[in-house]
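Student: no sequence for this one, just the structure:
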């Protein structure tokens, strides 16, 4: 009977170590301020930089609207 109890304790301890190793190898991840933290590699991760673009998102559309408006004004002036 003591051999069975010893085997159970050994299995329980090994399972406990296995679970502890599995939990320590994985990181719980949260998204805070656009960053996913803490992942296991967040200190070694490269920082991505996106340069800011133009203030106006659709410059070609604005230019086309301006050209269309000037054409309409020109047509109305000639009539």
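Tutor: That came through fine. Predicted model only: the values in this text are computed from it and were never measured.

Student: show me where this structure has strands.
Tutor: 30-32, 35-37 (DSSP state E).

Student: Can you get me a residue count around residue 35?
Tutor: 13 (other C-beta atoms under 10 Å). The C-beta positions use only the backbone N, C-alpha and C, and glycine is treated the same way.

Student: ok, it to residue 68 distance?
Tutor: Distance check for residue 35 against residue 68: by C-beta to C-beta, to the nearest Å, it reads 44 Å.

Student: repeat for residue 34
Tutor: For residue 34 relative to residue 68 (C-beta to C-beta), the value is 39 Å.

Student: Between these two, which is the more surrounded one?
Tutor: Each of residue 34 and residue 68 has its neighbours counted (other C-beta under 10 Å); residue 68 has more, 10 against 5.

Student: What residues does the more buried one make contact with?
Tutor: Residues in contact with residue 68 (C-beta atoms under 8 Å, 6 or more residues apart in numbering): none are found.

Student: Can you tell me how far it is from residue 74?
Tutor: Distance from residue 68 to residue 74, by C-beta to C-beta: 11 Å.

Student: where along this protein do the helices fall?
Tutor: For the chain, the helices defined by DSSP state H occupy 2-25, 59-78.

Student: Of all these, which one is nearest residue 47?
Tutor: Of all these, it is helix 2-25 that lies closest to residue 47, at 24.4 Å by C-beta to C-beta.

Student: so how far is the closest one off the chain centroid?
Tutor: 36 Å (C-alpha atoms, centre = their mean, to the nearest Å).

Student: residue ranges with poor pLDDT in this protein?
Tutor: Within the chain, the ranges that satisfy pLDDT under 70 run 1, 25-30, 36-42, 54.

Student: hmm, back to that, next, format the helices of the chain as JSON lines and append distance to residue 47.
Tutor: Below are the helices of the chain laid out as JSON lines (distance: least, C-beta to C-beta, whole Å):
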{"stretch": "helix 2-25", "distance to residue 47": "24"}
{"stretch": "helix 59-78", "distance to residue 47": "29"}
